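*Asks:* this one's structure only:
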């Protein structure tokens, strides 16, 4: 695991989740797989194992680079911009 430049720019404390599941999946009537929390704004989106990949779509739309797993007992973080675990 590395520390990228984007991690130091994140708000502290991390933002509260805006939802308890992926709202885009709910709206589309699909099942979210493996939730991710945006560490810039608190958006909750589904991972790339989900059909619609809303966490990645959120990054592409907003440029918010770092997310973390929003699954129980997982705390890893991913930087979309650097393509690495941070």
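*Replies:* On my side now, so go ahead. Worth saying up front: this structure is predicted, and the values here are computed from it rather than measured. Numbering: from 1, shown residues only.

*Asks:* quick one: contacts for residue 78?
*Replies:* Contact partners of residue 78, counting by C-beta atoms under 8 Å, 6 or more residues apart in numbering, are 36, 66, 67, 68, 84, 85, 86. Every C-beta, even on glycine, is put in place using the N, C-alpha and C of the backbone.

*Asks:* Top of those by number of neighbours, please.
*Replies:* Counting neighbours by other C-beta atoms under 10 Å, the top entry in the contacts of residue 78 is residue 36, with 27 neighbours.

*Asks:* How about the contacts made by it?
*Replies:* 44, 45, 46, 47, 55, 67, 68, 69, 70, 78.

*Asks:* Need the max-distance pair from the contacts of residue 78.
*Replies:* By the measure C-beta to C-beta, 36 and 84 form the most distant pair in these, at 15.1 Å.

*Asks:* What's the biggest helix in the chain, counting residues?
*Replies:* Taking residue count as the measure and DSSP state H as the definition, the longest helix of the chain comes out as helix 54-62.

*Asks:* pLDDT below threshold where in the protein?
*Replies:* Across the chain, residues meeting the criterion (pLDDT under 70) sit at 1-2.

*Asks:* quick one: furthest residue from the center of it?
*Replies:* The outermost residue of the chain, judged against the average C-alpha position, is residue 29 (19.9 Å), by C-alpha atoms, centre = their mean.

*Asks:* Can you name the next helix or strand after the strand or helix carrying residue 36?
*Replies:* When secondary structure is defined using DSSP states H and E, the element that contains residue 36 is strand 35-38. Scanning forward in sequence from strand 35-38, with DSSP H and E defining helices and strands, the next element found is strand 44-46.
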